[in-house]
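Chemist: Make a model of this:
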Amino acid sequence: MATRKRLSPEESRLAALEAARALLIEAGPQAVTLKAVAARIGRTHANLLHHFGSAAGLQKALAGHLAGTVCDTIIDAVRASRAGLGSPREVVDLAFDAFDKEGAGALASWMILTGNEDALTPIVETIHNLVDEIAPEEAEHGGDPMQVHEETLALVLMAMGDALIGSALSRSLGLPESAARDRAERMLVNSIAALNLPQ
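Modeler: Numbering: from 1, shown residues only. Presented below is the predicted three-dimensional model:
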């Protein structure tokens, strides 16, 4: 008889969040249920209730997990771009992929539609923390920290909108599917050029 590996509470929670993320990407936000996540990791429904309290709690934790992972990647890309080791397009692609391929856009929409808007708080707070970390660095390079706030807002809204209707809207307007990403890239390139930073 096989025995399940005993996980610490942190390991169990992380395993559940990774399973929820996989379900989100594979089948959409409606597939992220306590029952489905429990089945995916070989745990009980009660075990997940203990960690998250409810399906809404799981969604909120997943939103925070996604936001943290994405923002860590984006800040690394921003710093690499400033150091001449990366490009503004890499930053744009990371942000857009987070909302599209990684499912953050679908999850955010699902949470709003199901009345779980407070679950968006981790996403908003994590992005705010990202901006608070980047803005002082921008000031050191002679830039305006508020410009970082504005560009982050524009980039996130563009990425979210593109994830939800970008493909259909681009086709309707006779534009390439990459049109929103291309526009976001131009925004960042212009910002970097204004500071005379390496691209």
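Chemist: same for the lengthiest helix in the chain, what does it pack against?
Modeler: The single longest helix within the chain, with elements called by DSSP state H, is helix 55-82. On a contact count with 3 or more Cβ pairs under 8 Å, 6 or more residues apart in numbering; DSSP states H and E, helix 55-82 meets helix 9-27, helix 34-41, helix 45-52, helix 88-99, helix 104-113, helix 121-140, helix 179-195. C-beta coordinates here come from the backbone N, C-alpha and C atoms, glycine included.
Chemist: So which of those helices is nearest Ser167?
Modeler: Each of the helices and strands packed on helix 55-82 has some distance to Ser167 by Cβ to Cβ; the shortest is helix 179-195, at 9.7 Å.
Chemist: Specify the angle between that closest one and helix 88-99 in degrees.
Modeler: Inter-element angle recorded for helix 179-195 and helix 88-99: 140 degrees (by axes from the mean of the first three to the mean of the last three Cα atoms, to 10 degrees).
Chemist: mean confidence score for helix 179-195?
Modeler: Helix 179-195 carries an average pLDDT of 85.
Chemist: How about stretch 99-113?
Modeler: The pLDDT scores in stretch 99-113 average 83.
Chemist: Which positions within that stretch qualify as buried?
Modeler: Within stretch 99-113, the residues that qualify as buried are Phe99, Asp100, Glu102, Gly103, Ala104, Gly105, Ala106, Leu107, Ala108, Trp110, Met111, counting by 16 or more other Cβ atoms under 10 Å.
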